[in-house]
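[1] okay, sequence plus prediction incoming.
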Protein chains: 2
Amino acid sequence: MNGAQSLIRTLVGCGVDVCFMNPGTSEMHFVATLDAVPEMQSVLALFEGVATGAADGYGRMTGGPAATLLHLGPGLGNGLANLHNARRARTPLVNIVGDHATYHKKFDAPLESDIEGVARNVSPTFVRWGSAPETLGADAADAVRAAIGPPGQVATLVVPADVSWGPGGVVAAPPPLPQPQPLDAPRVTAIADVLRTGEPAALLLGNGALGVAGLSAASRVANTVNAKLFCETFPARVSRGAGIPEVERIAYLGEMATAQLEGIRHLVLIDAKAPVSFFAYPGRPSWLVPDGCEVHVLAGPTDNVISTLEALAEEVGGRPDAARPAGTSRPDLPTGELTTRAIAAAVGALLPEGAIVSDEGNTSGLFSSQLTAGCPPHDWLYLTGGAIGQGLPVAVGAATACPDRRVVSLQADGSSLYTLQSWWTMARHGLDVTTVLFNNHSYAILNMELQRVGTEGAGSRAREMLDLSHPDIDFASLARGMGLTAWRSTTADEFAKHLAAAIATPGPTMVEAILPQPA
Amino acid sequence: MNGAQSLIRTLVGCGVDVCFMNPGTSEMHFVATLDAVPEMQSVLALFEGVATGAADGYGRMTGGPAATLLHLGPGLGNGLANLHNARRARTPLVNIVGDHATYHKKFDAPLESDIEGVARNVSPTFVRWGSAPETLGADAADAVRAAIGPPGQVATLVVPADVSWGPGGVVAAPPPLPQPQPLDAPRVTAIADVLRTGEPAALLLGNGALGVAGLSAASRVANTVNAKLFCETFPARVSRGAGIPEVERIAYLGEMATAQLEGIRHLVLIDAKAPVSFFAYPGRPSWLVPDGCEVHVLAGPTDNVISTLEALAEEVGGRPDAARPAGTSRPDLPTGELTTRAIAAAVGALLPEGAIVSDEGNTSGLFSSQLTAGCPPHDWLYLTGGAIGQGLPVAVGAATACPDRRVVSLQADGSSLYTLQSWWTMARHGLDVTTVLFNNHSYAILNMELQRVGTEGAGSRAREMLDLSHPDIDFASLARGMGLTAWRSTTADEFAKHLAAAIATPGPTMVEAILPQPA
């Protein structure tokens, strides 16, 4: 057995049985092994950022890692932005990077570069070089263990070509499952005491608390002690919809976040970080916790978040029915002018039960959350790390993980263009993804930020750098070129009709919504 | 004057007056300054790899640096592959990366990441953080000096947002021009003595020797002492065509390179590296210099390559007319079946004088070099670092640098998909670039490499990872979606007609050549 075979068989044995890849020559032994190990599903991406974002989406939906397979330093670079988002999502992910043969590196061939420094950007605690075929299986098992955590992370395993092709590979046993952390009962009691004072308090939920169980327990606590309930601005995944308690996100804009938190005396973090401004702005604070507000940590990323929250609910005397689930409601189908609100209304009217929303709508997505709150239960995936070009790849991964669910990708125009190659992978695998493309012909968020950062003197030449018109981009033509069925909509009525058709059509579909360019 | 203003004004003062950019919030003060400094031309890219590759193409054609403007660590990651190619090309390039405000970094906001390690991948000797508005101008001048070299390099300047917006900026004076290195006369004499022995010898030319003057001097030497004349496999830029001495490239395939060098007893390197295999292959050598062949270094990247070559030509007694320029010839326009040879013939028949060829044809470009050798003088740009997705961005940069010349981008299908956003930038600026898109529905080179690396057991699942059909990609639809005029050709006659029209049409055009999928 060569190294590559031991690597793939070890991964499969560990439950890592999907690999999103864009391989090159140094990865050919991995590729050649795919026929011998049919348990490993391989998904080709035409750009590495699609592969890494898809692995992120897959991991968010399954909780277990997918693998990626990338080609040396430049391939890792191309995949880096979405690995950054995965790191911020704490998604378990086994990131395999092929390298030159060990003995070849000293010759400084054209593709030689410093992989280590790049990998550290996204894998601060696990970057390992496979050193021999005999130990590559064990390296893979260690990478899986590191990826799973807790906390989940991107674990990077660099595999030199001769370690792949050399004989002597040994399949390693799966790592032991992580043991749940014991409950920190004194901490729970202390925070219950704080909440019972009646002073204004808020719970701030992060990734581990945003499934149905976590939201239910948190809602029970919040309603019992009359605390506010928030979640982070860009969580990895939130369960939403009728029957599930709704949680308010901390706003992207610092001034709005400050308003949300005004008057709070106790902020309780539950697998969340205290809110900070996304960017720095002259004369405005980076730290968004109100003056005089005390920050308490109930649970961190390595804790058992759900049982801790449930213990807190008991401790504050929350009745089992104290959680407040969202009611059922859908907006009417929109009519008339096509606006971002009309689009959100159509999505709210049509979103299927069990849908997964991959949200990179940015400024155009403003109304989406509100108008889908009463839809049938669904999951919502956010832009965790702020590196745009996440939405379409994450949709690829989510659809691969959940082939029975419709994925709706709410996608800003500018952001889509970083990873539009995702559409082809959707088409190849017949993934049930409907992309809603907000074409407002601009980087609208930067038009807003240009003001907010206090620039002076910006005129037409500056605006030109934020503008996506001349030429206007025909996204439907782009999507069709990659094999999708696509529509262009210019009125709300058209959009609603097209979206209904797009959701009902098996496989990947796309509706381009033509919006006015923001002033 | 704020920091950003001092930065841009310093760059312009240093002659760096084009910036290829994909900015975000942390770069908004740079963007806002564009209106006040109209001397700085700004070119928007929809993906960072387009911006970095364009800066590479620009630098190759002008010899001076362009600037890039990228958004934090993820933006740098997206631009990394083409910065890698620029590093291998030794293109002077000032790579500006915006960062969070200095005081904001400790809050670990979503876009925070380790920029340093990523930047070191492409800028091993110059990565600097701007620390204050007062010194940012001087930092920029230092970056320009580092970029120019010699040798040319990617110099990375990281600019925190508050250093951009803070007051007190000072425009720095341009750095002194690099002084030419003195000639190493004893070295020239020693190598002349070697060449005069009459033992089989070859000159191997790299970047600094591949303009008209270098090729003429090298040809003079080679013809005088009866040495062979080669150049590196993937040089940055080669002057070619009728009236210019032709140089044979060392082949990509190691076994062919070995055949080219067989029997050589003296290999003289002129700003070149001794040939090594692009990848490692089991049981085949990485070092391609024949056994018993002595390697001599005439000139390295910091030497004055041209005057050293001319001195060598004098020293070996080369007559002024000893250089052997290529004759004038053009192939006939092709007819019948559309093949890669027919495409090369059409290019050879139609290539305009002064054209710039950006060559990422990979396997499909096999005949292009041979069938254009007698065309009117032109320049040829190669895939220096092996990181695919270079061809279209480099074409953007070359066309920006040389608006009076037609750029012909010979482009493999798989490689085009990494940076297809280039087409939009060509359309916005009306760049005279004609893309010839070889659509063979596969990563053809990997089909070849799958065999060459000695894999066993590869079957349909492995082949699927190298296949770009199902769905077939409609590249003309993609190019039209980004504003290009595009044609699809299925016969040689059609292709020749379309190519003639594409070259004659002002602005960016594209001809998609539909080829059979390699077996």
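    Now that the structure is in, tell me what you want to look at.
[2] can we go C-alpha only for contacts and neighbour counts from here?
    Noted.
[3] pLDDT score for the residue of chain A most remote from its centre?
    In terms of distance from the mean C-alpha position of chain A, residue A:107 ranks first, at 39.1 Å (C-alpha atoms, centre = their mean). In this model, residue A:107 is scored at 98, pLDDT.
[4] I'd like to know how far it sits from residue B:275.
    Plainly put, residue A:107 is 9 Å away from residue B:275 if you go by C-alpha to C-alpha, to the nearest Å.
[5] which neighbours do those two have in common?
    By C-alpha atoms under 8 Å, 6 or more residues apart in numbering or on different chains, residue A:107 and residue B:275 have these common neighbours: residue B:287.
[6] before we move on, back to that, ok, the residue farthest from the centre of chain A - contacts?
    Residue A:107 sits next to B:276, B:286-287 when contact means C-alpha under 8 Å, 6+ apart.
[7] can we see that at 10 Å?
    Residue A:107 makes contact with B:273-278, B:286-287, according to C-alpha atoms under 10 Å, 6 or more residues apart in numbering or on different chains.
[8] and chain A, which of the residues you listed contact it?
    Restricting the contacts of residue A:107 to those near chain A by C-alpha under 10 Å from any C-alpha of the partner chain leaves B:273-278, B:286-287.
[9] related to what we said a few turns ago, tell me the one of the contacts of residue A:107 nearest residue B:50?
    Closest to residue B:50 out of the contacts of residue A:107 is residue B:278 (24.4 Å), distances taken as C-alpha to C-alpha.
[10] follow-up on the earlier one: redo the contacts of residue A:107 as JSON lines? Include neighbour count and pLDDT.
    Converted to JSON lines, these look like this (neighbours: other C-alpha atoms under 10 Å in any protein chain shown; pLDDT from 0 to 100):
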{"residue": "B:273", "neighbour count": "20", "pLDDT": "97"}
{"residue": "B:274", "neighbour count": "18", "pLDDT": "98"}
{"residue": "B:275", "neighbour count": "24", "pLDDT": "98"}
{"residue": "B:276", "neighbour count": "22", "pLDDT": "98"}
{"residue": "B:277", "neighbour count": "23", "pLDDT": "97"}
{"residue": "B:278", "neighbour count": "24", "pLDDT": "96"}
{"residue": "B:286", "neighbour count": "22", "pLDDT": "97"}
{"residue": "B:287", "neighbour count": "17", "pLDDT": "97"}
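[11] any idea how far stretch A:311-319 is from the chain center?
    For stretch A:311-319, the gap between its own C-alpha mean and the chain's C-alpha mean amounts to 31 Å (C-alpha atoms, centre = their mean, to the nearest Å).
[12] any idea how far apart the tips of that stretch sit?
    Using C-alpha to C-alpha, the span of stretch A:311-319 from its first residue to its last is 12 Å.
[13] and stretch A:172-189, by the same measure?
    Across its full length, stretch A:172-189 reaches 43 Å between end residues, using C-alpha to C-alpha.
[14] in that stretch, what's buried?
    Using 16 or more other C-alpha atoms under 10 Å in any protein chain shown as the burial criterion, the residues of stretch A:172-189 that qualify are A:172-175, A:187-189.
[15] sec struct for the closest residue to residue A:129 other than its chain neighbours, please.
    Excluding its sequence neighbours, the residue lying closest to residue A:129 (C-alpha to C-alpha, 6 or more residues apart in numbering or on different chains) is residue A:158, at 4.7 Å. The local conformation at residue A:158, judged by DSSP: H, G, I helix; E, B strand; the rest coil, is strand.
[16] what's near enough to touch residue A:158?
    Applying C-alpha under 10 Å, 6+ apart, the residues contacting residue A:158 are A:69-72, A:95-100, A:115-116, A:119, A:127-131, A:139.
[17] give the bridge partners for it, please.
    When assigned by DSSP bridges, residue A:158 has beta-bridge partners residue A:97, residue A:129.
[18] thinking again about what came up before, for chain B, state which of the buried residues of stretch A:172-189 is nearest.
    The nearest member of the buried residues of stretch A:172-189 to chain B, counting by C-alpha to the nearest C-alpha, is residue A:172 at 22.0 Å.
[19] local confidence estimate at the closest one?
    For residue A:172, the model assigns a pLDDT of 98.
[20] quick one: it and residue A:14 touch, right?
    Yes - with contact defined as C-alpha atoms under 10 Å, residue A:172 counts as touching residue A:14 (9.0 Å).
[21] residues that sit against both of these two, list them.
    Between them, residue A:172 and residue A:14 have A:140-141 as joint contacts when contacts are counted by C-alpha under 10 Å, 6+ apart.
[22] for the residue in the stretch 301-450 of chain A positioned nearest to chain B, phi and psi?
    Among all residues of the stretch 301-450 of chain A, residue A:385 sits closest to chain B, at 4.8 Å; criterion: C-alpha to the nearest C-alpha. Listed backbone geometry of residue A:385 is phi -110, psi 0, with angles given as degrees, to the nearest 10.
[23] tell me the pLDDT at it?
    Reading off the per-residue confidence, residue A:385 sits at a pLDDT of 98.
[24] same question, residue A:363
    Among the per-residue scores, residue A:363 holds a pLDDT of 87.
[25] state the number of residues packed around it.
    As a burial measure, residue A:363 scores 16 neighbours (other C-alpha atoms under 10 Å in any protein chain shown).
[26] using CSV, write out every CA atom in the helix or strand where residue A:298 lies.
    Counting by DSSP states H and E, the element that carries residue A:298 is strand A:294-299. Once side chains and other backbone atoms are set aside, the C-alpha atoms of strand A:294-299 remain, and they are given as CSV (Å, rounded to 0.1, in the frame of the first residue of the first chain):
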residue,chain,number,x,y,z
GLU,A,294,-19.8,43.5,33.2
VAL,A,295,-18.9,40.6,30.8
HIS,A,296,-19.4,37.1,32.1
VAL,A,297,-18.3,33.9,30.4
LEU,A,298,-20.8,31.0,30.8
ALA,A,299,-19.2,28.7,28.3
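[27] what mean pLDDT does that strand have?
    Per-region confidence: strand A:294-299 scores 98 on mean pLDDT.
[28] give me the buried positions along that strand.
    With the criterion 16+ other C-alpha under 10 Å, strand A:294-299 contains buried residues A:295-299.
[29] which among these gets closest to chain B?
    Distance to chain B, by C-alpha to the nearest C-alpha, is smallest for residue A:295 among those, at 15.0 Å.
[30] what's the closest non-adjacent residue to that closest one?
    The shortest distance from residue A:295 to any non-neighbouring residue, by C-alpha to C-alpha, 6+ apart, is to residue A:267 (4.8 Å).
[31] do the same with residue A:248
    Counting by C-alpha to C-alpha, 6+ apart, residue A:248 lies nearest to residue A:230, which is 4.8 Å off, once chain neighbours are set aside.
[32] the one you found belongs to a strand, doesn't it?
    Yes - assignment of residue A:230 by three-state DSSP places it within a strand.
[33] any idea how far it lies from residue B:302?
    Taking C-alpha to C-alpha as the criterion, residue A:230 is separated from residue B:302 by 60 Å.
[34] where are the low-confidence patches of the stretch 1-150 of chain A?
    When the per-residue scores of the stretch 1-150 of chain A are filtered using pLDDT under 70, no range remains.
[35] do a quick rundown of the helices in it.
    In order along the chain, the stretch 1-150 of chain A carries the following helices (DSSP state H, counting those that start in this stretch): A:3-13, A:28-32, A:48-62, A:72-89, A:115-122, A:133-148.
[36] closest to residue A:255 out of these?
    Nearest to residue A:255, of the helices of the stretch 1-150 of chain A and by C-alpha to C-alpha, is helix A:72-89 at 23.2 Å.
[37] which elements pack onto that closest one?
    Contacting helix A:72-89 under the criterion 3 or more C-alpha pairs under 10 Å, 6 or more residues apart in numbering or on different chains; DSSP states H and E are the following elements: helix A:48-62, strand A:66-71, strand A:93-99, helix A:115-122, strand A:154-160, helix A:391-401, helix B:72-89, helix B:115-122.
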